[in-house]
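[1] predicted coordinates and the sequence they were generated for:
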Amino acid sequence: MDPTRHLRAADDLVRRLAAAIRGAQLYLPGHPLVTRALDALTESVSPLHADEPTITIGVVGEEIVVGDVPIPKSREVYGELIRRLKRLGVERIAIDRGVTPEELSALAQAVSHPERSVGQSAPGAAPPDALDALNLLHHIRVGRIHVDERIDTSAADMAAIRRLYVQASSVAEEVWEAARTEGEPDPKQARTLIEQLSHAVAQNRTAVLALTALKEYDNYTFTHMVNVSILTMAQARALGIDGTMLREFGMAGLMHDIGKVRTPTEILRKPDRLTEDEMVVMRRHVVDGAEILRRTPEIPSIAPVVAFEHHLRSDGTGYPIGVSRSRLNLATMLCSIADVYDAMRSQRAYQDSFPTQRILEVMKRADGHQFDQHLVRRFTQLLGIYPPGGLVLLDDGAVAVVLQVHAPDPHRPRVRVIMDGHKRRLVRPVDINLFEHSDNPTHPRRVVAPLDPGEYSVDPLGYL
């Protein structure tokens, strides 16, 4: 679908959703006006599902975004819908291909009358929240702000998440050592770790993503395992994937490089670039990883697929050499983006770290055929050009910590200014939304460049 038609279809969907919710507020179920509104809503879903298996409607600030397409004049046209969703704490509605009119009716009823119970609860238990109960439907999921992401994080929360991250790296090392010495990773340890990480991603995605930027050079192999798992789950959750499937994606990310336990240590830890012969040996890890995971009990079936495919590219390049796929698995594509991103931003003996903008440019090389560009755009919206927890220079010379990405404009995040233009530490840091217009000429407008926290003796995570 061309961009103009896609925007028209997205706007049509939002307009008809607003009408269906308004009708459900005013009339009883079964009223002709309610029925007509639901028929129109069902009809508007089909054109978008022809291109994408899941339609995601999100509320970002005062805008409605369908997928990665902001709806023009959202505030003026759909202000009532935005206010209602915000009051209910709804930030995302995911509608999967195959959704039924009955499910769309349940959505409209739940948003218009959230006080009503939907579905069944256990005997003696309180009735389920109407919106949360929508997640019991097969084709609709509603993301609630109170369980998806908290931006304002207490020091205690941040300390707990930091401890979890350090512990996760240690567990990843134990999982790796079990695979190296016993031929199989410990699935129980891995599963417990993924449960904890998936919960952290759900509860405070911004803080967890910020921790993945920690530079633990000596521990690269194990922090890379954890980082790819977190980044894969964060992408999946942003696409509306939850529950068991989210944890399976996280497990696949954690285990994507497990085949390297069979790679000779002198090649794995070589400080210089590998020779062609050494690269041939290194590339065997994708086959070794798939073989190890296929015979490991309790490992989800998607994990060996991702281990085998994560160096294949959408245009048929990559390795294993001679292997091609008409379309890569979604978990593979998300893991590949996470893998390349984390590897390029990590400083190694033979490689300087790259800023996010440079990494995203690499992902768009070869006319954008190596990576699914829709997923790259979503990844950019998730992390921003300047990811949460990063230290940045503003256009007025001030130094700030990135707090939150603004999806419609990843170049203009929400920041916490900690130094003025003369690089003097502020007694009271100041929070600024760079994406909000200001008539104050001294108000910074944009981020100029990322900074190295070490040069300023700053721990950015302490400011989250």
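    Nice, thanks for sending it over.
[2] count the residues that sit near residue 160.
    Residues lying near residue 160 (other Cβ atoms under 10 Å) number 15. From N, CA and C alone the C-beta is placed, and that goes for glycine too.
[3] which SS state does it fall under?
    Residue 160 falls in the helix class when you classify it by DSSP: H, G, I helix; E, B strand; the rest coil.
[4] got the contact list for stretch 22-39?
    For stretch 22-39, the surrounding residues in contact (Cβ atoms under 8 Å, 6 or more residues apart in numbering) are 16, 19-20, 80, 101, 104-105, 108-109, 111-113.
[5] relative to residue 45, which of those residues is nearest.
    residue 104 (7.5 Å; Cβ to Cβ).
[6] what about the closest one, helix or strand, and which?
    Using DSSP states H and E, residue 104 sits within helix 101-112.
[7] re the thing from before, ranking the contacts of stretch 22-39 by neighbours, who comes first?
    Highest count within these by other Cβ under 10 Å belongs to residue 20, 26 neighbours.
[8] picking up where we left off before, between all of the contacts of stretch 22-39, which two are separated the most?
    80 and 101, at 23.5 Å, using Cβ to Cβ across those.
[9] buried set for stretch 405-425?
    405-407, 410, 412-419 (16 or more other Cβ atoms under 10 Å).
[10] how far out from the middle of the chain is that stretch?
    Remark: stretch 405-425 is offset 21 Å from the chain centroid, using Cα atoms, centre = their mean, to the nearest Å.
[11] by residue count, which strand of the protein is the longest?
    strand 425-433 (DSSP state E).
[12] and that strand, which strands flank it?
    The strands that strand 425-433 pairs with in its sheet are strand 414-419 (antiparallel) (by DSSP bridges).
[13] quick one: residues contacting residue 6.
    Per Cβ under 8 Å, 6+ apart, neighbours of residue 6: 48, 51, 69.
[14] any of those buried? List them.
    Here, 16+ other Cβ under 10 Å leaves 48, 69 buried among these.
[15] so which of the contacts of residue 6 sit within strands?
    Filtering the contacts of residue 6 for strands - DSSP E - leaves residue 69.
[16] could I get the contacts of residue 6 as JSON lines with distance to residue 362 and pLDDT?
    Compiled in JSON lines, the contacts of residue 6 are given as follows (distance: Cβ to Cβ, whole Å; pLDDT from 0 to 100):
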{"residue": "48", "distance to residue 362": "30", "pLDDT": "91"}
{"residue": "51", "distance to residue 362": "26", "pLDDT": "82"}
{"residue": "69", "distance to residue 362": "25", "pLDDT": "78"}
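[17] residue 275: which of the contacts of residue 6 is nearest?
    Residue 275 has its nearest neighbour among the contacts of residue 6 in residue 51, at 44.0 Å by Cβ to Cβ.
[18] can you show me the strands along the protein?
    With DSSP E as the criterion, the chain has strands spanning 54-60, 63-66, 69-70, 90-96, 140-144, 391-394, 399-404, 414-419, 425-433, 447-451.
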